[in-house]
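>>> can't give you the sequence, but here's the structure:
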């Protein structure tokens, strides 16, 4: 009886592994607020499905709930990968409603937005610890990457042993410095791009297929 049980369990593990291999990889798009995460998510989704993931805005914390675009199939250089894109809220150590007042927002709306953004940070952390198979980490190449949030998130990603692709976004802007991001996280490959303009997306897709395929 024990032999039959062990055999049944072994077969179950093999079949579960086969079916799991066919399931889309959940790839979380992470980074600080206003790094261009949703712009990137929309670029990927539109290029491969024709649909968008969510609205984009210059106001911080436009994305305050994780949004998911399922079954995005990317094929590059003979490699094919099917992913679910998870566009996560920007992670920060503090969300102050006053920063929204600078964008001509009424105080009540600013307070509500800051509360939702704080909840979104918690949701993003839950996804990172429990529900993603890999990470695309997006940084604004015009800003200093040496921050507490970036160091913390990269550390969590590494502790989870998740494959991670670091993207230096906004190379179309004056002041872009891709090398400072490469220097900040030398243990990871850094890919430059402009998600807004679509610059260097061919390399991004090649790396997505390579890292997550």
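Noted; the coordinates are in hand. Since we're looking at a predicted model, the values are computed, not measured.

>>> which residue ranges form the helices in this structure?
Assigned by DSSP state H, the helices in the chain fall at 2-22, 37-49, 98-101, 107-130, 148-159, 178-184, 201-212.

>>> report the buried residues of the last one.
Looking back up the chat, that one is helix 201-212. Of all the residues in helix 201-212, those buried under the rule 16 or more other Cβ atoms under 10 Å are 201, 204, 205, 207, 208, 209, 211, 212. In short, each C-beta sits where N, CA and C put it, glycine included.

>>> which stretch in the helices of the chain has the least confidence?
Of all these, helix 2-22 carries the lowest average pLDDT, namely a mean of 50.

>>> how about stretch 169-184: buried residues?
Residues of stretch 169-184 classed as buried by neighbour count (16+ other Cβ under 10 Å): 169, 170, 171, 176, 178, 180, 181, 182, 184.

>>> residue 131: which of those is nearest?
For those, the minimum distance to residue 131 (Cβ to Cβ) is 23.6 Å, reached by residue 169.

>>> quick one: distance of stretch 146-156 to the chain centre.
14 Å (Cα atoms, centre = their mean, to the nearest Å).

>>> for stretch 160-173, same thing?
Remark: stretch 160-173 is offset 8 Å from the chain centroid, using Cα atoms, centre = their mean.

>>> middle-most residue in this structure, spatially?
Taking Cα atoms, centre = their mean, the centroid of the chain lies closest to residue 29, which sits 0.7 Å from it.

>>> that one bridge partners, please.
Beta-bridge partners recorded for residue 29 (DSSP bridges): residue 87, residue 136.

>>> how far away is it from residue 166?
Residue 29 sits 12 Å away from residue 166 when distances are taken as Cβ to Cβ, to the nearest Å.

>>> so what touches stretch 40-59?
For stretch 40-59, the external contacting residues (Cβ atoms under 8 Å, 6 or more residues apart in numbering) are 29, 34, 38-39, 62-63, 67-69, 71-74, 85, 87, 100, 103, 105, 136, 138, 167, 169, 193, 195, 198, 201, 205, 208.
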